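Enquirer: Turn this into a model:
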Amino acid sequence: MTQGGEAIFHPGIIEKTDNQSVYVKILSSSACSSCTVKGACNLAESQEKVVEVRKQQGREYPVGTPVDVVMSRSSGTKAVLLAYLVPFAIVVLSLILLTAAGAGEGISALVSLALLVPYYLLLYRFRNKLKKEFEFTIQSK
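Expert: Predicted coordinates:
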């Protein structure tokens, strides 16, 4: 992942296409993957992901072509907020409130985690709207 001024770039390879979309395989790696001692600690993780990108009219997308998948920095920030920070806040705040209200630690923990179910169901319900908001584009290399 490379960060430009207002965009985040992921290098990838076009895996397949259909009438409306291009599917690009990117290698998502954690910060550990660039560490020189990653082999010794077994914490390094990297995995391949396939990203769906809407086709642009009049462009050809041959399978196997190396490309950059681009997302605006503000969209990336929103994605991190929705995927990590909001669920973390839900768990921590509900845990604090339930414990302060006198609920036992076990019950507080279970209820706090259970509150994530409606949150993720809500995200799933609005997935099509979110898909439009977090749109990727392709830049040829």
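Enquirer: contacts, neighbours, all on C-alpha from now
Expert: OK.
Enquirer: From Leu116, how far out is the spatially closest residue to Tyr119 that is not a sequence neighbour?
Expert: Take Tyr119 and drop its neighbours on the chain: the residue closest to it by C-alpha to C-alpha, 6 or more residues apart in numbering is Pro87, 7.7 Å away. Separation of Pro87 from Leu116 (C-alpha to C-alpha, to the nearest Å) stands at 7 Å.
Enquirer: How about Ile107?
Expert: 15 Å.
Enquirer: which one of those two has more residues nearby?
Expert: Using other C-alpha atoms under 10 Å, the more surrounded residue of Ile107 and Leu116 is Leu116, with 16 against 13.
Enquirer: hang on, the more buried one packs against Phe88?
Expert: No: look at Leu116 against Phe88 with C-alpha atoms under 8 Å: they stay out of range, at 9.3 Å.
Enquirer: which residues are in contact with both of the two?
Expert: Counting by C-alpha atoms under 8 Å, 6 or more residues apart in numbering, Leu116 and Phe88 have no common neighbour.
Enquirer: Just the element for Leu123, please.
Expert: helix 116-125 (DSSP states H and E).
Enquirer: can you give me the offset of the helix or strand that contains Glu15 from its chain's centre?
Expert: Element membership for Glu15, per DSSP H and E: strand 7-17. Relative to its parent chain, strand 7-17 has a centroid offset of 14 Å by C-alpha atoms, centre = their mean, to the nearest Å.
Enquirer: Can you spell out which helices and strands pack onto the stretch of helix or strand the residue nearest to Tyr119 belongs to?
Expert: Taking DSSP H and E as the criterion, Pro87 maps to helix 86-100. On a contact count with 3 or more C-alpha pairs under 8 Å, 6 or more residues apart in numbering; DSSP states H and E, helix 86-100 meets helix 105-114, helix 116-125.
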